[in-house]
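In: predicted model follows, preceded by the sequence.
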Amino acid sequence: EDVPSQTFDNKDYFCGKETFPVYESVFTEEGETMRKIAIEIEKPPQIEIHVWTIRKGILQHFYVEKLSKREFEELPYFKLITRTTLSQWKIFSEGEAQISQMCESRVCRTELEDLVKVLYLEKSEKGHC
């Protein structure tokens, strides 16, 4: 017997939690890498972009900017990398604050990479949630 699939207003859900699209842009110029991680939030409708400037593996500068969806759509280079829940985004943001302090004086390539992995949700197995 077919079980009807659940529909959630065209939104993706993970373990019953709403997920949000996450985008990434990486731009390298003259030995400096600018990495941007962005999340699309619906209420209020905006894009939150976390910008890291990395030179020789050291996090030189970190800031957050908020844009409207229209402004974001005009930006080049962003690609969708995953969808995440707000709770995972909170973990990412808190970890980012710690890393930004910790990495002002030392190389932190792996810490930044590991932090981005937090946003990727494990595929839920039955009974996993």
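Out: Received the coordinates, thanks.
In: I'd like the next helix or strand past the longest helix seen in the chain.
Out: For the chain, the longest helix by residue count, based on DSSP state H, is helix 86-102. Sequence order places helix 109-117 as the next helix or strand after helix 86-102, per DSSP states H and E.
In: got a list of contacts for the longest helix of the chain?
Out: Helix 86-102 is contacted from outside by 17-18, 20, 22, 37, 39, 50, 59, 62, 84, 108, 111-112, 115-116, 118-119, 121, using CB atoms under 8 Å, 6 or more residues apart in numbering. Quick note: C-beta positions are derived from backbone N, CA and C, even for glycine.
In: switch to 10 Å and redo it
Out: Contacting residues not belonging to helix 86-102 are listed as 14, 17-20, 22, 37, 39, 41, 48, 50, 52, 59, 61-64, 82, 84-85, 108, 111-112, 114-121 [CB atoms under 10 Å, 6 or more residues apart in numbering].
In: so how far is it from its chain's centroid?
Out: Relative to its parent chain, helix 86-102 has a centroid offset of 10 Å by CA atoms, centre = their mean, to the nearest Å.
In: same question for stretch 51-68.
Out: 13 Å.
In: again with stretch 31-46
Out: That offset, for stretch 31-46, works out to 7 Å (CA atoms, centre = their mean).
In: list the buried residues of that stretch.
Out: Under the neighbour-count criterion of 16 or more other CB atoms under 10 Å, stretch 31-46 has 33-41, 46 buried.
In: closest one of the residues you listed to Phe78?
Out: Ala38 (6.4 Å; CB to CB).
In: sorry, back to before: quick one: mean pLDDT for the longest helix of the chain?
Out: The average of the pLDDT scores along helix 86-102 is 88.
In: in that helix, which residues are buried?
Out: Using 16+ other CB under 10 Å as the test for burial, helix 86-102 gives 88-89, 92, 95-96, 99-100.
In: ok, the lengthiest strand in the chain: who's next to it in the sheet?
Out: Longest strand of the chain, by residue count under DSSP state E: strand 17-29. Strand 17-29 pairs in its sheet with strand 13-14 (antiparallel), strand 32-41 (antiparallel), strand 79-85 (antiparallel), by DSSP bridges.
In: may I have the strands that pair with the helix or strand just after the longest one, each with its orientation?
Out: Next in sequence after strand 32-41, counting helices and strands by DSSP H and E, comes strand 46-55. Looking at strand 46-55 with DSSP bridges, its partner strands are strand 32-41 (antiparallel), strand 58-67 (antiparallel).
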